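Engineer: quick one, structure for this:
(chains A and B)
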Amino acid sequence: MAAETLFGKIWDSHRIRTLDDGRDLIFVDRHLLQETTSAAAFDGLAHDGRPVAQPGLTFATQDHIVSTEPVRSLASNPGGRELIDLMGRNARSHGITMFGLDDPRQGIVHVIGPELGLVLPGTIVACGDSHTSTAGGLGALGIGVGTSEVEHVLATQTLVLPRPKTLRMRFDGRPGNGVTAKDLVLHALGRFGIAVGTGHAIEYTGDVIRALPLEARLTICNMSIEFGGRLGLIAPDDATAAYVRGRPFAPTGRLWDEAKAYWRTLRTDDEAVFDRELSLDVSTAAPQITWGTTQQDVIGIDEAIPDPTTIADLASRRRIQAAIDYMGLTEGRPIEGLPVDVVFIGSCTNARLSDLEAAAAIARGRHVAPGVRALVVPGSSAVKREAEAKGLDRIFSEAGFEWRSAGCSMCVSINEDIVPAGARCVATSNRNFENRQGPRSRTHLASPAMAVAAALAGAIADVRRLA
Amino acid sequence: MKRPPFENVSGPAAPLPLANINTDAIIPAPYLRSPSADLGAGLFARLRYDDAGREMPDFVLNRAPFRSARILLAGRNFGCGSSREAAAWALVRFGIRCVFSPAFADIFYENAFRNGLLAAQMSQEGIDHAVACAQTAQDHAHFTVDLAGRTLSCPDGQQIAFDVPAFRAEALLRGDDDIAVTLQYADDIAAFRASDALARPWIHDFGHPA
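Structural biologist: I've put the predicted structure just below:
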């Protein structure tokens, strides 16, 4: 048998047939729904009188538009009520299991998928959200889709897609002090850019990746879409199986043994060929922070804002100057010390228990600087409960952070959690686009520990001085 | 849902030659709060309106003849970021029928075609020429897109080639219902599921804990 990549093995095992036009019809094992991208899909089904093909393989939650007030109810967010109600009504009328606002399993869809054992190694997971690639941290193919494709999966439990090309991204070296999974992926974005993954499935490899705990692998794969890649994954190993075991929807008994034996085959063969290979040595990377308005605008915390006049390419120079202007920066100045107004610890990138533990370790016994609004938004209601059982909520509250309820919150700012106009925010989320966190918001992406360091200092700060 | 077949487009082409125009820029999050939001009004809202909601006169879609643009000329990596299909809906509701770019982001590209919006790949040189025409020509309103011939005719008479996979062009021209096309393979899907249930029973036969 020809040598094959991990991606190819999973893709081929889901291929129902190849169509005449060369695209593949693939089976979707788990379809996850969220409230802001599914309402129109159900309208489409109703219009054409089509049923949901596999409601038993379909799961819904409410995460994007929900209020994250510490004690919340449906009345907390009247602006989101319509989509929240529609998700509930559509799930009920089609027999779809929903983890809604009042369900202890509620949370950001990319956090609860792995947490509940819905995402399993070797599966194909579809969801109407670009960060579905998060599932790759468990060795699954998480495919982010638009609403028409949500409707397509609802109606057929399949997707029709061109087979992506393959890209292997290898991380070598020894990460330095203060360098987390978030720093690794930001560093790679700075090196390779935000379009290197377009049309590709990315496999992350190398000793650095292998050594990452499972939640950190989810963080890496979460940001695959920021490279332009719809898919990103890491080969499952014993640590993956240990993570999955015992989760509510994970297989048990004989099925567990069969699944685990299958998962052992899920690795790229030694002789397999990728369409593209990239590698980077992370040994000299400092903790990372973005300065501009795309994720490739990233530097180490000990570096300076770039000087556009030193850039030869005219289009790049203009783009960098525009980003400096939007962000209110001065070229050539160190990024450390830049005053911040808001700190957001949350999102599908960095709001799992290990992220909150890393943040609390820095926050413990210290206090948020005067004038800074600092929020901690757990990725799921389960993460919130676990964190509270460990006393993290008290550490954060005593340090002056808001301890909120689970949701997407200030990452997408589709609810009330908005960065004020002109304000500067250090965020653990994934997008620093213009206006992303609110009109004229200025976003700097970083790790949870770096975000805490900024909250304590009231300015962008080097976490290595605190740890 | 069956779509109206794509017809060749004539009209103004709005130049927006920036790279990495993301879907947050195309349709900002507040327009996603309600299924009944006016997405055409929300198209490029943060670039189009000031904080008080007034049009910013310098933005291309606020200037004649681009207020009635049917074509958008964009830079590389158009539609990157969020999967929000509202980005495609907003362009269509505004009246845009074709977007030209040297490269599209994957999810936007798929969303565009599923809404009858032509996302056509064109060389940077071709984009630069069309942008220059749109900005300077006397009759800069008059661009014509010929999908079958894969050409964009510029006001200066130049014809610029663009690329669209044949199957996508044909589906647009027919106005295919993508779900109906897939349901033609319902037997294959059922057969796959039956054999897969034996190969990977943990996928199909798993408990639903209360």
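Engineer: show me chain A divided up by domain.
Structural biologist: Per automatic domain parsing, the structural domains of chain A span A:1-284, A:335-465.
Engineer: just name the most buried of these.
Structural biologist: Most buried of these, by mean neighbour count (mean count of other Cβ atoms under 10 Å in any protein chain shown): domain A:335-465, with a mean of 23. C-beta: built from backbone N, CA, C; applies to glycine.
Engineer: contacts only, for the one residue sitting closest to the centre of chain B.
Structural biologist: Closest to where the C-alpha atoms of chain B average out (Cα atoms, centre = their mean) is residue B:112, at 3.6 Å. Counting by Cβ atoms under 8 Å, 6 or more residues apart in numbering or on different chains, residue B:112 touches B:79, B:88, B:91, B:99, B:104, B:118, B:119.
Engineer: start to end distance for stretch B:74-85?
Structural biologist: Distance between the two ends of stretch B:74-85: 18 Å, counting by Cα to Cα, to the nearest Å.
Engineer: same check, this time on stretch A:22-31
Structural biologist: 24 Å.
Engineer: likewise for stretch B:19-36?
Structural biologist: 30 Å.
Engineer: and that stretch, how far out from the chain's middle?
Structural biologist: 13 Å (Cα atoms, centre = their mean, to the nearest Å).
Engineer: what's the answer for stretch B:53-68, then?
Structural biologist: The answer for stretch B:53-68 is 20 Å, by Cα atoms, centre = their mean.
Engineer: dump that stretch to CSV, restricted to CA.
Structural biologist: C-alpha atoms of stretch B:53-68 as CSV (Å, rounded to 0.1, in the frame of the first residue of the first chain):
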residue,chain,number,x,y,z
GLY,B,53,-23.7,56.2,10.9
ARG,B,54,-23.0,58.8,8.2
GLU,B,55,-21.5,57.8,4.9
MET,B,56,-17.8,58.5,4.6
PRO,B,57,-17.5,60.2,1.2
ASP,B,58,-14.1,58.7,0.4
PHE,B,59,-15.1,55.1,0.6
VAL,B,60,-15.6,53.7,-2.9
LEU,B,61,-19.1,52.3,-2.5
ASN,B,62,-20.3,55.8,-1.4
ARG,B,63,-19.2,57.4,-4.7
ALA,B,64,-21.0,57.4,-8.1
PRO,B,65,-21.0,55.2,-10.1
PHE,B,66,-19.8,52.6,-7.6
ARG,B,67,-23.0,52.9,-5.5
SER,B,68,-24.5,50.6,-8.1
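Engineer: list the buried residues in that stretch.
Structural biologist: Judged by neighbour count (16 or more other Cβ atoms under 10 Å in any protein chain shown), stretch B:53-68 contains these buried residues: B:59, B:60, B:61, B:62, B:66.
Engineer: in chain B, where is pLDDT below threshold?
Structural biologist: For chain B, applying pLDDT under 70 flags the ranges B:138-140, B:207-210.
Engineer: repeat the analysis, applying 80 as the threshold.
Structural biologist: B:137-141, B:206-210 (pLDDT under 80).
Engineer: re the thing from before, and the residue nearest to the centre of chain B, which helix or strand is it part of?
Structural biologist: Applying DSSP states H and E as the criterion places residue B:112 in helix B:106-113.
Engineer: residue contacts, residue 172?
Structural biologist: Defaulting to chain A. Applying Cβ under 8 Å, 6+ apart, the residues near residue A:172 are A:206, A:207, A:208, A:279, A:280, A:281, A:282, A:283.
Engineer: that answer is for a different chain, and I need it for chain B
Structural biologist: Contacts of residue B:172 (Cβ under 8 Å, 6+ apart): B:5, B:6, B:113, B:116, B:118, B:147.
Engineer: my read is it is in a helix, agree?
Structural biologist: Yes - Residue B:172: assigned to a helix according to DSSP: H, G, I helix; E, B strand; the rest coil.
Engineer: show me how chain B divides into domains.
Structural biologist: According to automatic domain parsing, the domains of chain B span B:9-164, B:177-210.
Engineer: dump these into TSV; add distance to residue A:9 as well.
Structural biologist: Shown next, in TSV, are the domains of chain B (distance: least, Cβ to Cβ, whole Å):
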stretch	distance to residue A:9
domain B:9-164	21
domain B:177-210	13
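Engineer: highest mean neighbour count out of those?
Structural biologist: Most buried among the domains of chain B, given mean count of other Cβ under 10 Å as the contact rule, is domain B:9-164, at a mean of 20.
Engineer: hang on, isn't residue A:404 packed against residue A:69?
Structural biologist: Yes - counting by Cβ atoms under 8 Å, residue A:404 does reach residue A:69; the two are 6.9 Å apart.
Engineer: now residue A:114: phi and psi?
Structural biologist: phi -70, psi -40 (degrees, to the nearest 10).
Engineer: closest to chain A among the buried residues of stretch B:53-68?
Structural biologist: Each of the buried residues of stretch B:53-68 was checked against chain A using Cβ to the nearest Cβ; the closest is residue B:59, at 13.7 Å.
Engineer: my guess is the closest one meets residue B:47, correct?
Structural biologist: Yes - between residue B:59 and residue B:47 there is a contact under Cβ under 8 Å: 5.2 Å.
Engineer: can I get the buried residues of stretch B:53-68 in TSV with distance to chain A?
Structural biologist: Compiled in TSV, these are given as follows (distance: Cβ to the nearest Cβ, whole Å):
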residue	distance to chain A
B:59	14
B:60	16
B:61	17
B:62	18
B:66	21
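Engineer: pLDDT score for the closest residue to residue A:386 other than its chain neighbours?
Structural biologist: Counting by Cβ to Cβ, 6 or more residues apart in numbering or on different chains, residue A:386 lies nearest to residue A:353, which is 5.3 Å off, once chain neighbours are set aside. The model reports residue A:353 with a pLDDT of 98.
Engineer: contact partners for residue A:353?
Structural biologist: By Cβ under 8 Å, 6+ apart, the neighbours of residue A:353 are A:215, A:383, A:386, A:387.
Engineer: next one: residue B:2
Structural biologist: Per Cβ under 8 Å, 6+ apart, neighbours of residue B:2: B:175, B:176, B:177, B:180.
Engineer: where's it, which helix or strand?
Structural biologist: With DSSP H and E as criterion, residue B:2 is part of no helix or strand.
Engineer: state the phi and psi torsions of it.
Structural biologist: According to degrees, to the nearest 10, residue B:2 has phi -70, psi 140.
Engineer: wait, which of the contacts of residue A:172 is closest to residue A:456?
Structural biologist: residue A:282 (25.8 Å; Cβ to Cβ).
Engineer: for residue A:435, see how far away the closest one is.
Structural biologist: 32 Å (Cβ to Cβ, to the nearest Å).
Engineer: just residue A:76 next, same as before
Structural biologist: Counting by Cβ to Cβ - residue A:76 and residue A:435 are separated by 24 Å.
Engineer: show me the contacts for the closest residue to residue B:121 other than its chain neighbours.
Structural biologist: Of all residues not flanking residue B:121 in the chain, residue B:163 sits nearest, at 4.5 Å (Cβ to Cβ, 6+ apart). With contact set as Cβ under 8 Å, 6+ apart, residue B:163 has these partners: B:120, B:121, B:122, B:150.
Engineer: contacts only, for the closest residue to the first one other than its chain neighbours.
Structural biologist: Read it as residue B:120. Spatial nearest neighbour of residue B:120, excluding adjacent residues (Cβ to Cβ, 6+ apart): residue B:162 at 4.1 Å. Residue B:162 sits next to B:100, B:120, B:121, B:122, B:126, B:150, B:151, B:152 when contact means Cβ under 8 Å, 6+ apart.
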